[in-house]
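J.: Compute the structure for the input listed below.
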Amino acid sequence: AGRAMAGVRDGETAAASVGIRVARVKATAFTVSSVYAGVAGALTALAFGRIAPDSFALTVSIDYLVMIVLGGAGSIAGASAGAVFVSVLPLLLVQYSAHLPFLSAPGSGGVDAATLSRFVYGVAIIAVLIFLRGGLAGALRHVGSRTERDGRPSRPARPAERSSLKETAP
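T.: Residues are numbered from 1 along each chain as shown. Got it, this is the predicted structure:
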């Protein structure tokens with residue numbers, strides 16, 4: 001099912017040409033995502049005790065998009081890292097606002113921690129889109145693949161490979 005979904009994502013016509021039922025895969029993806037969204041809504045209602053439109057303002061949607069873009073859309077670990085960044089940054093700015101001269105107290109008319117965090121999100125998104133196309137998760141994968149190519153084998157050699165290596169060694 002995962003390969004079929006990846007095939008449909010990459011190219012519907014190509015997926016259909018190799019026998020993947022595109023409509024069925026799309027319906028399955030929609031159903032699975034709907035289940036996750038429903039569970040998330042139920043958990044939100046349980047956590048907050050109520051559901052109201054103001055709980056889902058534009059800023060919340062932007063925060064979710066920032067989490068996904070910064071972390072990497074193709075990875076749960078990356079999206080989690082993005083969520084940690086978006087959640088922790090405003091808390092850190094509030095915590096250290098006394099030590100940061102460009103921050104002012106909320107409501108005083110200057111730049112407060114929430115506004116500064118939005119600026120930092122914008123700069124971070126631009127940097128990720130320019131330099132880290134796959135987000136934080138893509139950067140970590142890239143570093144991992146470079147480490148594997150630096151001369152160390154990515155996996156231990158099998159016994160048959162070891163014997164052939166000994167025979168060819170000078």
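
J.: how about the helices of the protein, start to end?
T.: If DSSP state H is used as the criterion, the helices of the chain fall at 2-10, 12-17, 22-48, 58-71, 76-95, 113-131, 135-149, 159-168.

J.: wait, which of those is closest to residue 104?
T.: helix 113-131 (9.3 Å; C-beta to C-beta). No exception for glycine: its C-beta is placed from N, CA and C like everyone else's.

J.: Please pull out the lowest mean pLDDT helix or strand from this protein.
T.: helix 159-168 (a mean of 54; mean pLDDT, DSSP states H and E).

J.: Would you reformat the helices of the chain as a markdown table and include distance to residue 101 and mean neighbour count?
T.: Formatted as a markdown table, the helices of the chain follow (distance: least, C-beta to C-beta, whole Å; neighbours: other C-beta atoms under 10 Å):
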| stretch | distance to residue 101 | mean neighbour count |
| --- | --- | --- |
| helix 2-10 | 47 | 13 |
| helix 12-17 | 54 | 13 |
| helix 22-48 | 36 | 11 |
| helix 58-71 | 26 | 17 |
| helix 76-95 | 13 | 16 |
| helix 113-131 | 12 | 15 |
| helix 135-149 | 29 | 15 |
| helix 159-168 | 60 | 9 |
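
J.: Lowest average pLDDT across those helices?
T.: Of all the helices of the chain, helix 159-168 carries the lowest average pLDDT, namely a mean of 54.

J.: rewinding a little: turn the helices of the chain into TSV, columns for distance to residue 104.
T.: Putting the helices of the chain into TSV (distance: least, C-beta to C-beta, whole Å) gives the following:
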stretch	distance to residue 104
helix 2-10	46
helix 12-17	52
helix 22-48	30
helix 58-71	20
helix 76-95	12
helix 113-131	9
helix 135-149	30
helix 159-168	64
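
J.: List just the one of those that sits closest to residue 102.
T.: Each of these has some distance to residue 102 by C-beta to C-beta; the shortest is helix 113-131, at 7.6 Å.

J.: residues in contact with residue 20?
T.: Contact criterion C-beta atoms under 8 Å, 6 or more residues apart in numbering gives 4, 7, 8 as the residues in contact with residue 20.

J.: Quick check: it vs residue 104, distance?
T.: Distance of residue 20 to residue 104, given as C-beta to C-beta, to the nearest Å: 56 Å.

J.: Great, nothing more from me.
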